[in-house]
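**Q** output the structure for:
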Amino acid sequence: QVQLVESGGGLVQAGDSLRLSCAASGRTFGNYAMGWFRQAPGKEREFVGLSSWSGGITYYGDSVKGRFTISRDNAKNTVYLQMNHLKPEDTAVYYCAVQYRGGTKPTDFGSWGQGTQVTVSS
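**A** Have a look, this model is predicted:
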């Protein structure tokens, strides 16, 4: 089982950038596609994006497309979420997870990390 730990969250202003990291334990990290989700208070967990096992294919949710970029370094067992042009509505707890089934629903993913808080002030 892969274990995940997110880091890099914080308080930023609108228009700023932030990079989140998701460090994985387990030798099979490079076998899996990885996803990022976020959850704001009182809202459902929202798909942000995913990276194929190699990083060669990425896919994003409409709300972040063009602003967020996912990359990964399998040698470091780490996947990243680069967030640019942040908006107050990006405020949420951000989670990484392993994609165990095809799809972008939270139920298609597992081995969730504990999350990292991102707060964007206006």
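**Q** pull the helix or strand where Ala97 lies out as CSV, backbone CA atoms only.
**A** Take DSSP states H and E as the rule and Ala97 turns out to sit in strand 92-99. Extracted in CSV, the C-alpha atoms of strand 92-99 (Å, rounded to 0.1, in the frame of the first residue of the first chain):
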residue,chain,number,x,y,z
ALA,A,92,-9.6,24.4,0.3
VAL,A,93,-7.8,21.4,1.7
TYR,A,94,-5.8,19.8,-1.0
TYR,A,95,-5.3,16.0,-1.1
CYS,A,96,-3.3,13.7,-3.3
ALA,A,97,-4.4,10.1,-3.9
VAL,A,98,-3.5,7.0,-6.0
GLN,A,99,-5.8,6.2,-8.9
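**Q** which strands and helices sit next to that strand?
**A** With contacts defined as 3 or more CB pairs under 8 Å, 6 or more residues apart in numbering; DSSP states H and E, strand 92-99 has these neighbours: strand 3-7, strand 18-25, strand 34-39, strand 46-51, strand 78-83, strand 109-110, strand 116-121. C-beta here means a position set from N, CA and C on the backbone, and glycine is covered the same way.
**Q** need those in a markdown table (columns: mean pLDDT, distance to Gly102 and mean neighbour count).
**A** Listed next are these as a markdown table, based on pLDDT from 0 to 100; distance: least, CB to CB, whole Å; neighbours: other CB atoms under 10 Å:
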| stretch | mean pLDDT | distance to Gly102 | mean neighbour count |
| --- | --- | --- | --- |
| strand 3-7 | 96 | 20 | 18 |
| strand 18-25 | 96 | 20 | 19 |
| strand 34-39 | 98 | 11 | 24 |
| strand 46-51 | 98 | 10 | 22 |
| strand 78-83 | 98 | 18 | 22 |
| strand 109-110 | 96 | 11 | 20 |
| strand 116-121 | 98 | 26 | 17 |
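**Q** could I get those strands as JSON lines with distance to Cys96?
**A** As requested, those are arranged in JSON lines below (distance: least, CB to CB, whole Å):
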{"stretch": "strand 3-7", "distance to Cys96": "5"}
{"stretch": "strand 18-25", "distance to Cys96": "3"}
{"stretch": "strand 34-39", "distance to Cys96": "6"}
{"stretch": "strand 46-51", "distance to Cys96": "9"}
{"stretch": "strand 78-83", "distance to Cys96": "6"}
{"stretch": "strand 109-110", "distance to Cys96": "9"}
{"stretch": "strand 116-121", "distance to Cys96": "9"}
